[in-house]
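Novice: Attaching a predicted model along with its sequence, questions to come.
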Protein chains: 2
Amino acid sequence: MDDATAARREVALMLRRLDVELDAVSQRFALAHGLNRTDVRALVAIMDAARRGEALSAGGLGAAVELRSASVTALVDRLERGGHVRRVRDPEDRRRVTLAMSESAMAAGAEHFGGLSRDMVDALGGYTDEELAVVVRFLTEMTEIVQRHARTDPPD
Amino acid sequence: MDDATAARREVALMLRRLDVELDAVSQRFALAHGLNRTDVRALVAIMDAARRGEALSAGGLGAAVELRSASVTALVDRLERGGHVRRVRDPEDRRRVTLAMSESAMAAGAEHFGGLSRDMVDALGGYTDEELAVVVRFLTEMTEIVQRHARTDPPD
DNA sequence: GGCTAATCTCTCGAAGATCGAGACTATCGT
DNA sequence: ACGATAGTCTCGATCTTCGAGAGATTAGCC
């Protein structure tokens, strides 16, 4: 293996390393709020949907965090009991239950992840437009590749 | 918010998106091998340690995946029962138990994650040295930031 | 319009995962 | 040597996830 390939392999490792560290941030949030990993993933999914202007349904949440409906019910029970979320019956389709984040959960999320995002944006302020374009290209291509593997990997 | 900041904020979102997709790859691996999330994280930690030439101990594994010793025992029991790992009493310190990955688990990991890594390296082959340097800088800085937050975030 | 099938969430009991407390063995420091 | 410390394991309790199936609502068809 030549040096060029080694350098590129190193980049792949760095990406995984970053992934691990990101995980630690979530873990920290979980610890601080008495949540487990699943609950944090759920809150993030709900918050992401809210950012996109959608209200996630119980089923949608299950798809996002990969849990069966029985587990989603239990999960939402926990989140509701903790005051992070409340159930809202969808008036369009009264079978569905949508999840609305509470003010406090929204604030806690912003407090914890907002600072991280802000620091990232600040750091990126030191990049020229050309450099930023490289980063965007990198993230776009990596996401495409990962997505392809997430869908078609198991030839089993 | 001006366009420049918007673009940089977008990058932060893309990074999180990539994180989610990476998670899906692990989930896929878990599904294909009848493992849960924790087990996959554990196998990855053991494999990473092996790549660095270290043999992870039970305690080290617990630190890596954030589990108490009782849970680590149960976790290693599961992995050992599944033939993914075997316990090896450390001859240097006979209190310790180190984890050795089985051939089959090693192969399965390479099969699943190796392809992903290969595709990434291939894609990075299209980057000039200058572009690669930008990517490395980006990953390095982001990791630093995330790491800082993972350690000091909760001012609670 | 009414009937059947499909969709969405929930309940229940069983199986799996995590934990705290404490036991047991091996090592370290004096 | 000997007490203290570190590393792993056992046990029982608690929390999480799941499959199966019930109940309620909507969609499709005649």
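Specialist: Arrived safely.

Novice: CA atoms for contacts and neighbours, from now on please.
Specialist: Will do.

Novice: Okay, strands next: where are they in chain A?
Specialist: All strands of chain A, identified by DSSP state E, fall at A:85-89, A:97-101.

Novice: Check what contacts the first one and list those residues.
Specialist: In this case it means strand A:85-89. Contact with strand A:85-89 is made by A:76, A:79-80, A:95-102, A:105, as judged by C-alpha atoms under 8 Å, 6 or more residues apart in numbering or on different chains.

Novice: what's the closest of those residues to DNA strand D?
Specialist: The shortest gap between DNA strand D and any of the contacts of strand A:85-89 belongs to A:R95, at 4.3 Å (C-alpha to the nearest atom of the strand).

Novice: circling back: may I ask which of the contacts of strand A:85-89 has the most neighbours?
Specialist: Most neighbours among those, by other C-alpha atoms under 10 Å in any protein chain shown: A:L99, with 26 neighbours.

Novice: right, and that residue touches A:A58 too?
Specialist: Yes - between A:L99 and A:A58 there is a contact under C-alpha atoms under 8 Å: 7.0 Å.

Novice: so where's chain A shaky on pLDDT?
Specialist: Chain A contains residues with pLDDT under 70 at A:1, A:153-156.

Novice: so how far is chain B from the spatially most central residue of chain A?
Specialist: Using C-alpha atoms, centre = their mean, the residue of chain A that lies closest to the mean C-alpha position is A:V44, 5.2 Å off. Distance from A:V44 to chain B, counting by C-alpha to the nearest C-alpha, to the nearest Å: 10 Å.

Novice: returning to what we had before: farthest pair in the contacts of strand A:85-89?
Specialist: Taking C-alpha to C-alpha, the two most distant members of the contacts of strand A:85-89 are A:R95 and A:A105; they sit 25.5 Å apart.

Novice: and the longest helix for chain A?
Specialist: helix A:3-33 (DSSP state H).

Novice: quick one: buried residues of stretch A:38-45?
Specialist: Neighbour counts using 16 or more other C-alpha atoms under 10 Å in any protein chain shown place A:39-45 of stretch A:38-45 among the buried residues.

Novice: Closest one of the residues you listed to DNA strand D?
Specialist: Closest to DNA strand D, out of all of the buried residues of stretch A:38-45 and judged by C-alpha to the nearest atom of the strand, is A:D39, at 7.2 Å.

Novice: Return only those of the contacts of strand A:85-89 found close to DNA strand D.
Specialist: A:R95 (C-alpha under 7 Å from any atom of the strand).

Novice: Spell out which parts of chain A neighbour DNA strand C.
Specialist: A:57-60, A:69-70, A:72-74, A:76, A:87, A:95-98.

Novice: Which ones among those map onto helices?
Specialist: A:58-60, A:69-70, A:72-74, A:76.

Novice: count of residues packed around A:R94?
Specialist: A:R94: 9 neighbours (other C-alpha under 10 Å).

Novice: Okay, it and A:S57: tell me how far apart.
Specialist: 11 Å (C-alpha to C-alpha, to the nearest Å).

Novice: quick revisit: I'd like the strands of chain A laid out as JSON lines, including distance to A:V121.
Specialist: Shown next, in JSON lines, are the strands of chain A (distance: least, C-alpha to C-alpha, whole Å):
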{"stretch": "strand A:85-89", "distance to A:V121": "28"}
{"stretch": "strand A:97-101", "distance to A:V121": "25"}
